[in-house]
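In: sequence first, predicted coordinates after that:
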Amino acid sequence: MKLIMAVIKPFKLDEVREALTGLGVEGMTVSEVKGFGRQKGQAEIYRGAEYTVNFLPKVKLEIAANDDRVEAIVEAIQKSAQTGKIGDGKIFVYDLGKAVRIRTGEADGEAL
């Protein structure tokens, strides 16, 4: 089992969700986060005054999946979240040691 974590631009969330739903992904956790990468924030203009935004709003997705589905999920996220511009985000894949569905007690692959 793997835990896929992706940090993407917020306006791409619906596209990514639709792509993952098409693959049969039945659940994910979404968090609103802030951060910066190579772009180091950006300059914004509000009422004629320029100010720098140091932390940009992003959306973090967390998806637990069986090993055989990881590559398809990563590819779907990459394709649907890509704009070709700086700040598109990152995808991380971690090993997942154990998963338990609290309601039923199912474990590991059955819990996903």
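Out: It's in. Keep in mind that what you see is a predicted model, and the values were worked out from it rather than measured.
In: so what touches stretch 97-107?
Out: Defining contact as Cβ atoms under 8 Å, 6 or more residues apart in numbering, one finds that stretch 97-107 is touched by 1, 64, 108, 110-112. In short, each C-beta sits where N, CA and C put it, glycine included.
In: what about it, how long is it end to end?
Out: 11 Å (Cα to Cα, to the nearest Å).
In: before we move on, back to that, which ChimeraX command selects the buried ones in the contacts of stretch 97-107?
Out: Listed next is the ChimeraX selection for buried residues among these, using 16 or more other Cβ atoms under 10 Å:
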select :1,64,111,112
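In: give the next helix or strand downstream of the one helix or strand in the chain whose mean pLDDT sits lowest.
Out: Ranked by mean pLDDT, DSSP states H and E, the weakest helix or strand in the chain is strand 42-46, scoring a mean of 69. The helix or strand immediately downstream of strand 42-46 is strand 49-53, counting by DSSP states H and E.
In: and stretch 74-85, average pLDDT?
Out: In this model, stretch 74-85 has an average pLDDT of 95.
In: max-length helix in the protein?
Out: helix 70-81 (DSSP state H).
In: put the alpha carbons of that helix into CSV.
Out: Output in CSV follows, covering the C-alpha atoms of helix 70-81 (Å, rounded to 0.1, in the frame of the first residue of the first chain):
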residue,chain,number,x,y,z
VAL,A,70,-0.3,4.0,-7.8
GLU,A,71,1.2,4.7,-11.2
ALA,A,72,-2.3,5.2,-12.8
ILE,A,73,-3.3,7.6,-10.0
VAL,A,74,0.0,9.6,-10.1
GLU,A,75,-0.4,9.9,-13.9
ALA,A,76,-4.0,11.1,-13.6
ILE,A,77,-3.1,13.7,-11.0
GLN,A,78,-0.1,14.9,-13.1
LYS,A,79,-2.1,15.2,-16.3
SER,A,80,-5.2,16.9,-14.8
ALA,A,81,-3.3,19.3,-12.5
